[in-house]
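[1] quick one, fold the following:
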Amino acid sequence: MRIWPFLSWVALALTLAFMSAALSGGLPWGVDDGVKRLMARGLFSSDDRSLNLEISTPSNPQGQYFPLPPPFATVSQDRATGIFPALYPALGGLLFSFLGPLGFSVLTSLSFTLWLYACRRIFRLTAGAMLILGGSLIFYGLTFWEHGLALLCLLPLFHTLAFKKIEARSWFWAGMALAAGSYLRPEAGFLFPLVLIVLAVTKYPRRGPLMALYSAGLALGLTVTLLFERTLNGRWIPPQWGTNLHLAWTHATILEKVEGIITSLFDAPLPGPTFAVILLLLTVVALMLKRPLWLVIGAGLLSIIGLLHGWLTGSAFALTVKSQGLIFAWPWVCLGLPITLKRKWMDQPLWLAGGGFILLVLLSGASRPGIHWGPRFMLPALLPVLICCSDVLTGVTQRQRRLIMAITALAVILNGGAAVTAIAERGAAGRKVVNEIRAGDFQTLILDRWHAGADLEPLWGEMNLMWAENQGDLEEVLISLRGVDFGRLGWLNQKPGWPWQDLPLAVTRLGFLPGKGGWKGEVLSVVLSGEDDHRWGLLYWHSGRRSAERGDFSGALERMREAVRYLPDEADLHYDLALTLGRLERVQESLDELRETLKINPNHAQALGLWRRLVPG
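    This is a model prediction of the structure:
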């Protein structure tokens, strides 16, 4: 074994690791990454090596972590369990225990580098193909580690399809590999039925035994992963397996999903209609004139123009949420080449699997705008598409091939550059937010976007992070802090329009958030009002109503009794108290409160109606 190639790959992995840590400031990229890091920290910081997280709640204000809402966690009392597979915190937490936050960057770069190395060795990809492959996925090579590892697991399956293997052991290991990849990224499971279809429609000998061996390998692989999950996490199936589909289809009709899919396909930094019309015209002209390479070159130039336009007219971070159409233009062009060049697509198992995968993901609704969201579900199709495209390009002239490679390389460099710049932009903004919060010397910080808690990893353990998504949550947090030594109180306000005048507190603005990388809002210092502020009565009244709506009438009674101390002359409050006492079957006390309501407001219509029904005559 030659040492220099090996050292070059090691150097690449380390370069990417330190690059990721430096650009991002060590901060997680978004909610998913934050929750995975929470799980990793929880596993390796707890005495019992448990994946349950000690969260900060009103009853447990000293908890290490912020509350995680469904569907990202299963919450019970003061503890929470993340939805992601146990392998995430096992590997991430192991490296975190040795290297600290840098361990997460090392894991990400290592997964990405191993995948690139395996692709190079298995498929003998050229330097140009490696540039396209690495440049297309550089964002994931710097942010999310599980994508690289999942794609690495899928390579035996793609190798079997690409070289049309007929050996029994190849198909058995292909099934095992798919099980491992699906455990890490649930959407990879779409490949299982697709590969069975490929076996059925292509000219494979002994298709029946191969299907059986492939299915047996998958079954064994899933059994191993489920046992691993059960052993480490106390559950058989990680909830993530169904979460993506649940998020994609919740509160959306079929028509709305179809509209969303079409919108995603033509979402670009260019005006949507313009991008769609140009791409469709290129397709029609190329098919009519039987010049498919015109479509390839035209789509490439269109992507370059779109990326440049988006980058020059906005920030790199904003560009990452307006590039879905550019990402999807290339797969459709590449998958269309075998047909337009009159290839026998029925004899292309890799083409069938890759194209079918893209179609199933789109139909499933797991498509969202943005480099860092929607395309993650398409990643398993990237390698099949690239290999098919490389194979097709062998049928063109050398000059045409060079032109296509040059255009593709430029588009990939621009796309990768935008992604890297977006990471740096968001990392710089996140560091500024952390410094602003630390300058406030807070012991407790209220967040009105729970995503912010996942993003602020450096503050975990430094202060109590309390989540208040809406005014009701905020009122409950303020009530819970009364009489508690919570120290200096701060607020990371990212939602404009809070009704300060209705809340028993005084607010001082300490600074504004950067306004970049998703950080918009302000840092506030908050002081709670004293006992003589009647607005506390409104909070207790509202809290009592919320308790009653949940069916907790005993809790509602306690809160409303407290509210009456502040608002003794509020007729509607006494009426609500009467209703609550009635639900608790405390009839005489309920009648007393009705009488008090009518004493304050003799014309209270609802109280009069109820009194006449309960006290005839």
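[2] so where is the stretch 251-400 of the chain shaky, pLDDT-wise?
    251-252, 260-261, 263-265, 267, 292, 320-346, 365-375, 390-395 (pLDDT under 70).
[3] just the strands in it please.
    For the stretch 251-400 of the chain, no strands turn up when DSSP state E, counting those that start in this stretch is the criterion.
[4] what ranges do the helices span in it?
    254-265, 272-288, 292-313, 316-319, 324-340, 349-364, 379-393, 398-439 (DSSP state H, counting those that start in this stretch).
[5] could you dump those into a markdown table with distance to Glu457 and mean neighbour count added?
    Where you see a C-beta, it was placed from the backbone N, CA and C, and this is true even at glycine. As requested, those are exported to a markdown table (distance: least, C-beta to C-beta, whole Å; neighbours: other C-beta atoms under 10 Å):
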| stretch | distance to Glu457 | mean neighbour count |
| --- | --- | --- |
| helix 254-265 | 30 | 14 |
| helix 272-288 | 36 | 15 |
| helix 292-313 | 28 | 19 |
| helix 316-319 | 19 | 22 |
| helix 324-340 | 28 | 22 |
| helix 349-364 | 30 | 21 |
| helix 379-393 | 25 | 22 |
| helix 398-439 | 9 | 19 |
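[6] can you add distance to Trp541 and give the ones you listed back as TSV?
    Below are the helices of the stretch 251-400 of the chain laid out as TSV (distance: least, C-beta to C-beta, whole Å):
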stretch	distance to Trp541
helix 254-265	38
helix 272-288	48
helix 292-313	49
helix 316-319	42
helix 324-340	46
helix 349-364	45
helix 379-393	51
helix 398-439	32
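[7] and Lys599, which of those is closest to it?
    Nearest of those to Lys599, taken as C-beta to C-beta: helix 398-439 at 50.0 Å.
[8] that closest one to helix 292-313, inter-axis angle?
    Relative orientation of helix 398-439 versus helix 292-313 (axes from the mean of the first three to the mean of the last three C-alpha atoms, to 10 degrees): 30 degrees.
[9] and helix 398-439, how far out from the chain's middle?
    Helix 398-439 sits 19 Å away from the centroid of its parent chain (C-alpha atoms, centre = their mean, to the nearest Å).
[10] and the average pLDDT for the helix or strand just after it is what?
    Once the chain leaves helix 398-439, the next helix or strand it forms, by DSSP states H and E, is strand 444-447. Strand 444-447 comes out with an average pLDDT of 89.
[11] in the helix or strand just after strand 444-447, what's buried?
    With elements assigned by DSSP H and E, the helix or strand that comes after strand 444-447 is helix 450-455. Under the neighbour-count criterion of 16 or more other C-beta atoms under 10 Å, helix 450-455 has 450, 452-455 buried.
[12] in a markdown table, list these along with distance to Asn464 and pLDDT.
    Rendered in a markdown table, the data for those read as follows (distance: C-beta to C-beta, whole Å; pLDDT from 0 to 100):
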| residue | distance to Asn464 | pLDDT |
| --- | --- | --- |
| Trp450 | 14 | 72 |
| Ala452 | 14 | 83 |
| Gly453 | 11 | 80 |
| Ala454 | 16 | 80 |
| Asp455 | 17 | 84 |
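[13] and those, which is closest to Ser215?
    Ala454 (38.0 Å).
[14] nearest to Ala548, out of the helices of the stretch 251-400 of the chain?
    With C-beta to C-beta as the criterion, Ala548 lies closest to helix 254-265 of the helices of the stretch 251-400 of the chain, at 34.3 Å.
[15] re earlier: so which of the helices of the stretch 251-400 of the chain gets nearest Gly92?
    Using C-beta to C-beta, the nearest of those to Gly92 is helix 398-439, at 18.4 Å.
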